[in-house]
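S.K.: show me how the following folds:
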Amino acid sequence: MTPRRPLRSARRALAAASILALAGGCASVLAPGENLLADGIPPIPAALAESLRPYTEFRPQRFLSWHPERREMLIGRRAGETAQVHRVAAPGEAPRQITRSGEPVAGASYAPAHGGLFVYAQDTGGSERYQLYRFDLETERVTRLTDEAKRNSGGAWSRDGRWLAYTAVAFGPQRRSEDLSIEVRIVDPTVPETDRLVARLPGIGWSVGSWSPDGRKLALSEFRSINESTLWLLDIEFATRQLLTPRREAASYRGALLDPGGGGLYALSDRESEYRRLVRIDLATREERVLVERPGTDIDDFELTEDGRLMAYVANDAGRSELRVLDLRTREERPLPAIPPGIISGLRWHRNGNDLAFNLSSARSPLAVYSVDLAQRSLVRWTRDEPGTADPARFALPELVRWKSFDGREISGWLYRPGASFPGRRPVIVDIHGGPEGQSRPGFKGRYNYLLDELGIALLFPNVRGSTGFGKSFTRLDDGKLREDAVRDIGALLDRIGEDARLDPRRVLVSGGSYGGYMSLAVATLYPERIACAIDEVGISNFVSFLENTESYRRDLRRAEYGDERDPEMRRFLESISPLNRADRIVRPLFVVQGANDPRVPASEAERIVATLKARGTEVWYLLARDEGHGFAKKPNADFEFYAMVMFAQRCLLEK
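M.R.: Residues are numbered from 1 along each chain as shown. You can find the predicted model right below:
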């Protein structure tokens, strides 16, 4: 563990390093990689990177797939610069790297029939143009299975383990919405030539759920918006589909697991409810029966054993996870061992029906892989903490804070405070999540703990209206012309910061990524004198140009949230609230971060706001990664971004 250094001495070291840099001491300055464009960013002292090192070496480890025959698994873990597939042969054993690529691997799953191969997904340079690949474990040979001219996603194995179903869509931002369709395809990964089209479906929101026991049908989900989706049953031979869920009211459905008996389908639904419930739909009668309901709480995830006897599910209780296992025969819950508080994801049963794997993280624990052994009622940890990092046991625990917004509605967020060694009012970074269909939760903040532990900067993660986890009515409160009501929630938060004797309302940095990047820019335009500076990472600067230039397979889904720019009245409204058209109001320093290959928020959104502010003489730092997309996935890029962010925060929050 690296010992804590007092703030004063750390800042003295940085000041000395900066002097050396200005004097031309090349060895004391970190140069950006050739793939990075750093415009307006001062030289970064090497001493800063060295002091940050213990906070940048955490390696989140996430579950990917159980071995179909043995009690071992595949996990995702960083190797070098990117996340790669590793094998863990037994709990606590060192992971063995399997894939070796300069690009991160997005996911992987063993073939259920045997453990000789797995299929994984990967794109290039953050483009999200995913391809599926087969990896043969004996020969370590990699074979591409999908068409490079299309974006391929999903992957559901048939019960016999032979066929893999997935979706494919052509890309290109200039394609018209009315021309878009998604292909449902199947392939035997051992014989790539078997790849064939099953159905071509209109629209863009389709995904594959699961196979019927006889291998003749596929459960599909059609996503229209966060508030509306439907479930279908697709006949593979005849390419016909049947609607399983009614359209008489807008409702959201997630997941589509057909039970082994073939008579029903399990899903999460908010039909006739503010929160998501676990339901079973009878395929013959279309009757929807509620299996699990937790008032005021969403069910986040669920997973069925192969024999259909046990159902595991995770409830989201005020941002924290609760794991339960339900016996579907007796309708009673199975006893589980104590599980540390945190956030659970990635549920997956082993084929033995006894071992349940999942990921777990908390404020003091990086993402790690666990399983529950039902027979022994024991909790098993599969992955180990990485050496050479700061001690997570010392990290700050979050507190839930609430405040009243402009309309009297209660808004909440998670506040991480610096320790007692930082007295008085402390500066604050307000970090707004993306989506907007997302939720800030009390998870592991990794490198951000440097800001707390070494610089004494508080971190506050709000859940403004439009966030998930607080009921579907709350999620709808920012739709269309209600967009700036969410920004006003941050205005009310600035008032709440001023009322806290330990926080300094004069030293507030607002930050966010994607939609959170828009929020950061919007706060800088609506409350320019109330913040010290802002950070916009892959954010929207103009809603009209964003909607016109985002990838075609996403455009209609975003129109459902933000509004349709083709409608003249909505277009005028979107232009009126776009930060680019209010750039004259941005008077505080701004740091903009962007990936050149971003298919969601094109780099032009960043370039236009940067050029506009530079022309006005406003201080702006700009970091562009030519080999990244919607956020930085490669460690050297993410490290350099964080070094620059720390310098930016020091300059506008501490040097006052």
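
S.K.: quick one: D485 is in a strand?
M.R.: No. With DSSP: H, G, I helix; E, B strand; the rest coil as the criterion, D485 is helix rather than part of a strand.

S.K.: ok, it touching R476?
M.R.: No. Counting by C-beta atoms under 8 Å, D485 stays clear of R476, with 11.1 Å between them. In short, each C-beta sits where N, CA and C put it, glycine included.

S.K.: what residues are shared contacts of the two?
M.R.: Residues touching both D485 and R476 by C-beta atoms under 8 Å, 6 or more residues apart in numbering: none at all.

S.K.: in the stretch 551-656 of the chain, which spans are strands?
M.R.: Using DSSP state E, counting those that start in this stretch, the strands of the stretch 551-656 of the chain run over residues 590-595, 620-625.

S.K.: I figured P599 hits R555, correct?
M.R.: No. Using C-beta under 8 Å, P599 is not in contact with R555; the gap is 11.1 Å.

S.K.: which of the strands of the stretch 551-656 of the chain sits most buried?
M.R.: strand 590-595 (a mean of 27; mean count of other C-beta atoms under 10 Å).

S.K.: now for that strand, which elements pack on it?
M.R.: strand 533-537, helix 603-616, strand 620-625, helix 635-649 (3 or more C-beta pairs under 8 Å, 6 or more residues apart in numbering; DSSP states H and E).

S.K.: repeat that for 6 Å
M.R.: strand 533-537, helix 603-616, strand 620-625 (3 or more C-beta pairs under 6 Å, 6 or more residues apart in numbering; DSSP states H and E).

S.K.: so how far is stretch 300-310 from its chain's centroid?
M.R.: Centroid separation for stretch 300-310 versus its chain: 24 Å, with C-alpha atoms, centre = their mean, to the nearest Å.

S.K.: show me what counts as buried in that stretch.
M.R.: 300-305, 308, 310 (16 or more other C-beta atoms under 10 Å).

S.K.: which residues touch it?
M.R.: With C-beta atoms under 6 Å, 6 or more residues apart in numbering as the test, stretch 300-310 has contacts from 257, 259-260, 278, 311-314, 316, 325, 347, 349, 351, 353.

S.K.: just the C-alpha atoms of that stretch, please, in CSV.
M.R.: The C-alpha coordinates for stretch 300-310 follow below in CSV (Å, rounded to 0.1, in the frame of the first residue of the first chain):
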residue,chain,number,x,y,z
ASP,A,300,-32.7,-5.7,-12.2
ASP,A,301,-31.7,-9.1,-13.4
PHE,A,302,-32.9,-12.8,-13.3
GLU,A,303,-31.6,-16.2,-14.3
LEU,A,304,-33.2,-19.6,-14.6
THR,A,305,-31.5,-22.9,-14.0
GLU,A,306,-31.3,-25.2,-17.0
ASP,A,307,-34.0,-27.6,-15.6
GLY,A,308,-36.3,-24.6,-14.8
ARG,A,309,-36.6,-25.4,-11.1
LEU,A,310,-34.8,-22.4,-9.6
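
S.K.: and the nearest residue to A89 once chain neighbours are set aside, how far from F118?
M.R.: Nearest residue to A89 in three dimensions, chain neighbours excluded: E72, at 4.9 Å (C-beta to C-beta, 6 or more residues apart in numbering). Distance check for E72 against F118: by C-beta to C-beta, to the nearest Å, it reads 12 Å.
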